[in-house]
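J.: test case, fold it:
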Amino acid sequence: MTSIGNSDYARIAAALGYLVNHAGPPPTLEETARHVGLSEFHFQRLFHRWVGVTPKTVLQLMNLQAARGLVVREPALGATSARLGLSSPGRLHDLFIRFEAMTPGAYKAKAAGVTIRWGVLPLLLGPACIATTELGLCGVHFVSGPPELHDDEALAHLKGRWPGAAFVADQETVTPVAAAIDARLQGQPPTPLSVLLKGTAFQVKVWEALLRLPEGYTLPYGQLARELGAPGASRAVGSAVAANPLAVLIPCHRVIRQSGVIGEYRWGTGRKRLLLALESGRRLDEARTA
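T.: Just a heads-up that it's a prediction; the model follows:
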């Protein structure tokens, strides 16, 4: 990942933040380029180089979402795995993520004895708290509010989720994770990461299913419940999606309402709309060039 001081990185991060936080219909290409101090021509080239899709495509898709809702695509998760040449749907997450189990004793003790190293780092989609343990990554959570309060907000969130753990501020340790997340946001091949997930058996089952939903696809809550063999559990699925501890890496933003309306997102509806537009745009570009 290019250093945060790099002007190109800063401009694209500012442009994406502008799209995330813009109230009402998405701004025009001219307005977005002006916001980051570039001509439309140079902004087009820079944006495509950093996120793998043109800003025009992203803005068109965001307008489509605002006007009609997102077209619902419901891939069979097993068929998706087969297309990717994997032996079973359960192995799909091995493309970029590997689960490690917390010991039952540590879980019951609310993570007592576990050391969590954490830091708040800028990402292309905004500042995020990134937290990791010896067993793997345990948290990616976008923060909001005044920058001077980001560390307090992040630490309060971590202590609420891991009340018995010890916490060490350590930006050096979590910086490579930030690079891996930004690479995914740019559409680059995913970097394998070890992950420690703390949740109920049903929550982990939902999160694993989300890992089998490829970029550029969305799924309604009810369809996801049916894929899990629990057709009457849409609300429980929704709760598990909302409890996702790893923003972007576990793609809870790809679950939408049956009507095609984007719906809520714990890190902001604007950020969800932008993530879906970026992913759908890259998928459309791939289809055009195939």
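
J.: what's the separation between the closest residue to residue 213 other than its chain neighbours and residue 209?
T.: Excluding its sequence neighbours, the residue lying closest to residue 213 (Cβ to Cβ, 6 or more residues apart in numbering) is residue 254, at 5.1 Å. Heads up, the C-betas are built off the backbone N, CA and C, glycines and all. Distance of residue 254 to residue 209, given as Cβ to Cβ, to the nearest Å: 11 Å.

J.: how far away is the residue nearest to residue 213 from residue 183?
T.: If you go by Cβ to Cβ, the gap between residue 254 and residue 183 works out to 18 Å.

J.: so if I had to pick from these two, which one is more boxed in?
T.: residue 254 (22 against 15; other Cβ atoms under 10 Å).

J.: distance of the more buried one from residue 248?
T.: 11 Å.

J.: likewise residue 26?
T.: Note on residue 26: its distance to residue 248, by Cβ to Cβ, is 20 Å.

J.: okay, residue 24: pLDDT?
T.: Residue 24 is assigned a pLDDT of 76 by the prediction.

J.: what distance do you get for it to residue 64?
T.: Taking Cβ to Cβ, one finds residue 24 at 15 Å from residue 64.

J.: swap in residue 20?
T.: 17 Å.

J.: ok, now residue 137?
T.: Counting by Cβ to Cβ - residue 137 and residue 64 are separated by 33 Å.

J.: ok, those two, which is more surrounded?
T.: residue 137 (23 against 15).

J.: where does the stretch 51-200 of the chain have low pLDDT?
T.: In the predicted model, the stretch 51-200 of the chain carries pLDDT under 70 at residues 66-112.

J.: give the other helices and strands that the helix ranked longest in the chain contacts.
T.: Longest helix in the chain by number of residues, with DSSP state H as the criterion: helix 269-289. When contacts are defined as 3 or more Cβ pairs under 8 Å, 6 or more residues apart in numbering; DSSP states H and E, helix 269-289 packs onto helix 7-21, helix 55-68.

J.: pull it out as CSV, backbone CA atoms only.
T.: The C-alpha coordinates for helix 269-289 follow below in CSV (Å, rounded to 0.1, in the frame of the first residue of the first chain):
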residue,chain,number,x,y,z
THR,A,269,-25.6,3.1,4.2
GLY,A,270,-23.5,5.4,2.1
ARG,A,271,-20.4,3.2,2.5
LYS,A,272,-22.5,0.1,1.7
ARG,A,273,-23.8,1.7,-1.5
LEU,A,274,-20.3,2.6,-2.6
LEU,A,275,-18.9,-0.8,-1.9
LEU,A,276,-21.6,-2.4,-3.9
ALA,A,277,-21.2,0.0,-6.8
LEU,A,278,-17.4,-0.6,-6.8
GLU,A,279,-17.8,-4.3,-6.9
SER,A,280,-20.6,-4.3,-9.4
GLY,A,281,-18.6,-2.0,-11.6
ARG,A,282,-15.6,-4.2,-11.6
ARG,A,283,-17.8,-7.2,-12.4
LEU,A,284,-19.4,-5.4,-15.4
ASP,A,285,-16.0,-4.4,-16.7
GLU,A,286,-14.8,-8.0,-16.5
ALA,A,287,-17.8,-9.2,-18.3
ARG,A,288,-17.3,-6.6,-21.1
THR,A,289,-13.7,-7.7,-21.6
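
J.: for that helix, give the mean pLDDT please.
T.: 86.

J.: then stretch 232-248?
T.: In the prediction, stretch 232-248 has an average pLDDT of 92.

J.: so what's the gap between that stretch and the chain middle?
T.: 14 Å (Cα atoms, centre = their mean, to the nearest Å).

J.: neighbours of residue 199, just the number please.
T.: 16.

J.: that one contacts residue 244, correct?
T.: No: applying Cβ atoms under 8 Å, one finds residue 199 not in contact with residue 244, separated by 9.0 Å.

J.: overlap of the contact sets of the two?
T.: Counting by Cβ atoms under 8 Å, 6 or more residues apart in numbering, the residues touching both residue 199 and residue 244 are residue 207.

J.: and the helices in this structure?
T.: 7-21, 29-35, 40-51, 55-68, 77-83, 104-108, 150-161, 171-185, 201-211, 221-227, 234-242, 269-289.

J.: residue 120: what's it in contact with?
T.: 127-130, 143, 150-151, 154.

J.: 7 Å instead, please
T.: Neighbour list for residue 120: 127-129, 143, 150-151, 154 [criterion: Cβ atoms under 7 Å, 6 or more residues apart in numbering].
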